[in-house]
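# mind looking at a prediction? Sequence and model below.
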Amino acid sequence: VPECASCQGNSSHCLSCEKQYLLLDRSCRSHCPEDYYATENRECIHCPAHCGECNQDGLSVRYNGECLAKCPNSTYYDATTNECRDCDMSCQTCSGHQPSSCLSCDTHRRKDASGHCVWFIQCSLRSYMDHNGQCQQCHKLCHRCSGPGKDNCLSCNEPHFLMNNTCVQECSVGYYAEDKDKRVCERCHFSCKSCVGRHSLQCVNCKSGFFKQGSNCVETCSERLKEHTDTNNAILFFIKEHHKLN
């Protein structure tokens with residue numbers, strides 16, 4: 001066969017092909033069929049079972065719908081699915097998805113004894129680390145913060161309280177100071193207009209549509225309370241009438 005560079009026995013059983021041809025099952029072809037890739041030795045090799053298309057790199061893993069020879073940086077190989085999955089964002093390379101599975105870190109971080117990638121510089125209280133790895137001052141009301149401005153506070157300097165990531169002088173109506181040490185405003189029970197704690201028994205005043213019954217705010221008074229109120233009203237009426245007669 002003219003396409004064969006060398007053959008064995010039957011002239012149609014090629015061992016190698018001329019330059020413009022590729023060897024597949026002892027025959028020479030102008031190109032490899034679908035599901036095959038061409039090697040440097042000009043042979044057509046079947047793609048791995050999970051790849052619909054592949055090339056001479058000998059692809060064997062999937063990532064974002066593509067077949068790759070190995071997992072790229074910031075991903076790890078998941079043997080159960082034969083896929084590359086993303087590392088935790090703190091890792092440059094990793095062996096799993098947990099933050100403790102880092103194998104190497106980016107230039108701004110180092111790996112600690114537990115396998116976590118941590119910043120080389122740990123910012124002090126009242127400061128935060130910006131995107132360039134530099135420590136910046138928190139807003140003057142923040143004791144700790146996650147970013148610039150007054151809306152990124154994590155805790156507050158006295159005498160302020162933390163409410164929705166902002167430091168305020170006192171908690172708004174419908175909120176209470178959860179802990180004097182933490183200095184955090186928490187929302188009252190839904191039935192309370194004001195309160196001293198999160199439970200319905202800790203209401204000070206009730207919202208519109210609710211009535212105070214003992215320590216609770218209720219939508220309707222119990223029958224026993226109605227009877228007690230009716231009895232009290234009857235006694236008051238009797239006393240008033242008695243005074244009129246005298």
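Perfect, thanks for sending it.

# count of neighbours near His31?
His31 has 10 neighbouring residues, counting by other C-beta atoms under 10 Å. For the C-beta atoms, the positions are set from N, CA and C on the backbone; glycine is no exception.

# quick one, what contacts it?
For His31, the contacting residues are Leu22, Ala38, by C-beta atoms under 8 Å, 6 or more residues apart in numbering.

# measure it to Pro2 for me?
For His31, the distance to Pro2 equals 17 Å [C-beta to C-beta, to the nearest Å].

# then Lys19?
Taking C-beta to C-beta as the measure, Lys19 and Pro2 are separated by 13 Å.

# what's near enough to touch Trp209?
Slight slip there: residue 209 is Gly, not Trp. So Gly209 contacts Glu219 (C-beta under 8 Å, 6+ apart).

# can you tell me the element it falls in?
Assignment of secondary structure by DSSP states H and E places Gly209 within no helix or strand.

# how about low-confidence regions in the chain?
In the prediction, the chain carries residues with pLDDT under 70 at positions 48-60, 65, 81-82, 120-122, 180-181, 223-246.

# switch the cut-off to 50
Confidence mapping of the chain against pLDDT under 50 gives the ranges 227, 229-233, 235.

# apart from its neighbours in sequence, what residue is nearest Leu103?
Among residues not flanking Leu103 along the chain, Thr93 sits closest, at 4.4 Å (C-beta to C-beta, 6 or more residues apart in numbering).

# in its sheet, what does the strand or helix carrying that neighbour sit against?
In this structure, Thr93 is located in strand 91-94 according to DSSP H and E. Strand pairing for strand 91-94, using DSSP bridges, gives strand 102-105 (antiparallel).

# then the partner strand to PDB, C-alphas only?
Listed next in PDB are the C-alpha coordinates belonging to strand 102-105 (Å, rounded to 0.1, in the frame of the first residue of the first chain):
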ATOM      1  CA  CYS A 102      -4.000  23.700  51.000                       C
ATOM      2  CA  LEU A 103      -0.700  22.300  49.500                       C
ATOM      3  CA  SER A 104       0.600  25.800  48.600                       C
ATOM      4  CA  CYS A 105      -0.400  29.400  49.000                       C
END
